[in-house]
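# this one's structure only:
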């Protein structure tokens, strides 16, 4: 395994608990197939700060834009008014 690996929540918890129980970092890495030596340090810090919930994957990327119903209706209203305005301009020519 190489690159940006994603590890399951249960694997993270098990690895951190074994490490905190006194098992050597190299042994934990080998046992769970973790390729990065820095990742367990982050997991331990998150575990100490927030417990088991600190190891839950967080959503990645941008949040999807949600259209506000009020602004959507305003956009629709503007569109209709612009169309009406265009029709009125054509009829006066």
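It's in. No experiment lies behind these values; they were computed from the predicted model shown. Residues are numbered from 1 along each chain as shown.
# so where's this protein uncertain?
The chain contains residues with pLDDT under 70 at 1-3, 66-72, 93.
# where exactly do the helices run in it?
Assigned by DSSP state H, the chain shows helices spanning 9-20, 25-32, 39-50, 69-92.
# Pick the most deeply packed of those helices.
Of all the helices of the chain, helix 9-20 carries the top mean neighbour count, a mean of 17, counting by mean count of other C-beta atoms under 10 Å. Heads up, the C-betas are built off the backbone N, CA and C, glycines and all.
# Check which helices and strands that one is in contact with.
Where contact means 3 or more C-beta pairs under 8 Å, 6 or more residues apart in numbering; DSSP states H and E, helix 9-20 is packed against helix 25-32, helix 39-50.
# The longest one - contacts with which helices or strands?
Using 3+ C-beta pairs under 8 Å, 6+ apart as the contact criterion, the elements in contact with helix 39-50 are helix 9-20, helix 25-32.
# cool, and the first one?
If you count contacts as 3+ C-beta pairs under 8 Å, 6+ apart, helix 25-32 packs onto helix 9-20, helix 39-50.
# Would you mind putting the ones you listed into CSV with distance to residue 81 alongside?
Below are the helices and strands packed on helix 25-32 laid out as CSV (distance: least, C-beta to C-beta, whole Å):
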stretch, distance to residue 81
helix 9-20, 52
helix 39-50, 51
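# To residue 29, which of those lies closest?
Relative to residue 29, the nearest member of the helices and strands packed on helix 25-32 by C-beta to C-beta is helix 39-50, separated by 7.0 Å.
# closest one to residue 64 among the helices and strands packed on helix 39-50?
Relative to residue 64, the nearest member of the helices and strands packed on helix 39-50 by C-beta to C-beta is helix 9-20, separated by 23.7 Å.
# Distance-wise, check residue 10 relative to residue 17.
Using C-beta to C-beta, to the nearest Å, residue 10 is found at 11 Å from residue 17.
# Over to residue 48?
From residue 48 to residue 17 the distance is 12 Å (C-beta to C-beta).
# Residue 30 is nearest to which of the helices and strands packed on helix 25-32?
Residue 30 lies closest, by C-beta to C-beta, to one member of the helices and strands packed on helix 25-32: helix 9-20, at 10.9 Å.
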